[in-house]
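Undergrad: only geometry, no sequence info:
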């Protein structure tokens, strides 16, 4: 509907308040429609108005003038939304039916990370775990797997399964059309079979000996880095998870794909996955929504501040497959009924999905199976994907054609990062 709409809004100027509207109908004047607008500052509405009915003949254009307030483009991000709806009853359309919309984005979104603290981190080796403690939280990593095993901000451990690099998505109907499990399956194996190579603890670049009680006990700082390196199957690449642990309670994760071999197929997804307690089932995000969207299916979903329960973000395709994704995300929170939980944000835009199911629950495997929504069972967990990108869903055809090249992810050295902050 968004792509095919016949009312086009272009050339928005946030300083002058001007925007151009073009009538691409062949026989319909725009006086059949009413145009309204809303101005948002990082998801919060700060101004709105109505242009009302305008007279624009088929094929013609007109410049509209809005009375916009003065905006701070250097420190805030703004979105200007337009909606055209029927002003009269038309064949098959009732009065007030939304017929076209557009969004313009300007300004600067500045991520709000935690400030550094003078509190100190305490580091210890306890059984098979590396433990970091401050007044704000306790973080632990399993020395056998290198995974985050505990994240406790004072109300108990929220982690059920630690952060893992992820390169695969549940296969869609379109994916089966070009036989993705065969052609890109190396990345599914790379997600499921990662061999731990090393764990290094670094203080300002200096490597601390994890077997040295003296070095560990003498550590005195408010920031430390943990590098965990994995080999991917058949030595196709290495992936390093860099964890920057700060006494403030902020945990920054950098996912680094490196030593990528030549001639590998494109990657379905470049991201990471972790699982938290089911009680953190309330989601709030500033990004595209409210419906699912992908990099080649997103213009109809506007940047905004949205809220939903995890269960409502599942899209029940009759044949289970990848679903519920959100792109161009500035930040996202996962909280319990009391508003406690975590906030995730990055220096650049992220994408995410969240379900009460494992990613694999939606994946039929090597070949398309006649599974149905009844095969999807709600689990006692919240499964979170925080990604740099996922390839587009395609759809030019459902047989053989892949997503357009600009919506695929090249197999090359790359990285992205995000921070996890407490919400108390």
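TA: On my side now, so go ahead. Small disclaimer: the values here were computed from a predicted structure and weren't measured.
Undergrad: the closest residue in space to residue 375 that isn't next to it in sequence: neighbour count?
TA: Distances taken as CB to CB, 6 or more residues apart in numbering place residue 320 nearest to residue 375, at 6.2 Å, with adjacent residues excluded. All C-beta atoms are positioned from the backbone trio N, CA, C, and that covers glycine. Burial of residue 320 is recorded as 23 neighbouring residues (other CB atoms under 10 Å).
Undergrad: do the one 5 residues further on as well
TA: Using other CB under 10 Å, residue 325 is surrounded by 25 other residues.
Undergrad: ditto for residue 63
TA: Neighbours of residue 63 under the rule other CB under 10 Å: 11.
Undergrad: for the record, mean pLDDT for whichever strand in the chain runs longest?
TA: For the chain, the longest strand by residue count, based on DSSP state E, is strand 341-355. When pLDDT is averaged over strand 341-355, the result is 98.
Undergrad: and it, which residues are buried?
TA: 341-346, 350-355 (16 or more other CB atoms under 10 Å).
Undergrad: what do you get for stretch 377-389?
TA: Using 16+ other CB under 10 Å as the burial criterion, the residues of stretch 377-389 that qualify are 381-389.
Undergrad: which residues sit against that stretch?
TA: Outside of stretch 377-389, the residues within contact range by CB atoms under 8 Å, 6 or more residues apart in numbering are 160, 166, 255, 269-278, 280-281, 295, 310-311, 332, 334, 344, 350-359, 361, 409, 414, 416, 418.
Undergrad: and that stretch, how far out from the chain middle?
TA: A distance of 11 Å separates the centroid of the chain from that of stretch 377-389, by CA atoms, centre = their mean, to the nearest Å.
Undergrad: could you do stretch 146-160 as well?
TA: Here stretch 146-160 is found 21 Å from its chain centre; the criterion is CA atoms, centre = their mean.
Undergrad: cool, stretch 287-302 as well?
TA: Between the mean C-alpha location of stretch 287-302 and the chain-wide mean there is a distance of 11 Å, by CA atoms, centre = their mean.
Undergrad: what's the answer for stretch 62-80, then?
TA: In terms of CA atoms, centre = their mean, the centre of stretch 62-80 is set 26 Å apart from its chain centre.
Undergrad: how about residues contacting it?
TA: For stretch 62-80, using CB under 8 Å, 6+ apart, the contacting residues are 12, 14, 16-21, 35, 37-42, 46-47, 49, 51, 54, 56, 103-110, 302-304, 330.
Undergrad: now do the strands in the stretch 151-300 of the chain.
TA: Assigned by DSSP state E, counting those that start in this stretch, the strands in the stretch 151-300 of the chain fall at 159-166, 195-203, 206-208, 223-231, 238-246, 251-258, 269-276, 282-288.
Undergrad: can you redo those strands as JSON lines with mean pLDDT and distance to residue 76?
TA: Shown next, in JSON lines, are the strands of the stretch 151-300 of the chain (pLDDT from 0 to 100; distance: least, CB to CB, whole Å):
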{"stretch": "strand 159-166", "mean pLDDT": "98", "distance to residue 76": "31"}
{"stretch": "strand 195-203", "mean pLDDT": "96", "distance to residue 76": "36"}
{"stretch": "strand 206-208", "mean pLDDT": "90", "distance to residue 76": "40"}
{"stretch": "strand 223-231", "mean pLDDT": "97", "distance to residue 76": "29"}
{"stretch": "strand 238-246", "mean pLDDT": "98", "distance to residue 76": "26"}
{"stretch": "strand 251-258", "mean pLDDT": "98", "distance to residue 76": "24"}
{"stretch": "strand 269-276", "mean pLDDT": "98", "distance to residue 76": "28"}
{"stretch": "strand 282-288", "mean pLDDT": "98", "distance to residue 76": "12"}
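Undergrad: strand partners (parallel or antiparallel) of the longest strand of the chain?
TA: Strand 341-355 pairs in its sheet with strand 326-335 (antiparallel), strand 382-390 (antiparallel), strand 414-423 (antiparallel), by DSSP bridges.
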